[in-house]
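> sequence below, structure please.
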Amino acid sequence: MDRFSTDNLTAERLNESHLADLVALHLDSEASRYIGGVRSAEATEKYLAVNMAHWDQYGFGLWTLRTKDGAFAGRAGIRHILVDDVDEIEIAYAFTPSLWGRGFASETATALTEIGLSQLELPSLIGIVYVANGASRRVLEKSNYRLERGTNRHGEDVVIYRARR
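Residues are numbered from 1 along each chain as shown. Reported below is the predicted structural model:
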């Protein structure tokens, strides 16, 4: 599934042509605050390679997101992640701050959940959210994820939400 659309966004499988947009997103301190912090262009290039390899290995991964007028909106996806030594599959999303508060995260989380649970027939999906990120917590709750537990990742307190098939 290389592409999908929501009411307001189009998604395209991550590829090399998206590097400049991802670099800009990852260099934005506001956009990167809850996704691990600012990343250099070199770190984003490695991030891109790892996430393209994820697609090759699993047949799903990250997409870049564009508004209907073609403007870069962010990135989102479904990917394997190690959490407390357990292989989990998470949904993840990050948007350019100028688009925050417009419902794009909820729209995207709903679409990713449908893709993961119904189309890919995964048994469950998680969302990992910094404790202080109330907006993202509300997004997951609206998408029928349930708070499962708290943990610490990379020195940050996070909570894990889960949706099951």
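
> residue most distant from the centroid, the chain?
Among the C-alpha atoms of the chain, the one most distant from their mean position (CA atoms, centre = their mean) is that of residue 69, at 21.4 Å.

> surely that residue is in a strand?
No. Assignment of residue 69 by DSSP: H, G, I helix; E, B strand; the rest coil gives coil, placing it outside any strand.

> quick one: contacts of the host helix or strand of residue 20?
Per DSSP states H and E: residue 20 is located in helix 19-27. Contact partners of helix 19-27, identified using CB atoms under 8 Å, 6 or more residues apart in numbering, comprise 31-32, 35, 38-41, 43-45, 47-48, 64, 72, 74-75, 94, 96. C-beta: built from backbone N, CA, C; applies to glycine.

> filter those down to the buried ones.
Taking 16 or more other CB atoms under 10 Å as the criterion, what is buried in those is 31-32, 35, 39, 44, 47-48, 64, 72, 74-75, 94, 96.

> tell me what angle the longest strand seen in the chain forms with helix 19-27.
When the chain is parsed with DSSP state E, its longest strand is strand 72-83. Angle of strand 72-83 versus helix 19-27, following axes from the mean of the first three to the mean of the last three CA atoms, to 10 degrees, is 70 degrees.

> report the angle between the axes of the following helix or strand past strand 72-83 and helix 19-27?
Moving toward the C-terminus from strand 72-83, the next helix or strand (DSSP H and E) is strand 86-95. Counting by the same axes, to 10 degrees, strand 86-95 lies at 100 degrees to helix 19-27.

> what about strand 86-95, distance to the chain center?
Centroid separation for strand 86-95 versus its chain: 6 Å, with CA atoms, centre = their mean, to the nearest Å.

> now swap in stretch 128-147 and tell me
Counting by CA atoms, centre = their mean, stretch 128-147 comes out at 13 Å from the chain centroid.

> the protein: strands as residue ranges?
For the chain, strands defined by DSSP E occupy the ranges 3-5, 9-13, 62-67, 72-83, 86-95, 124-130, 146-153, 156-164.
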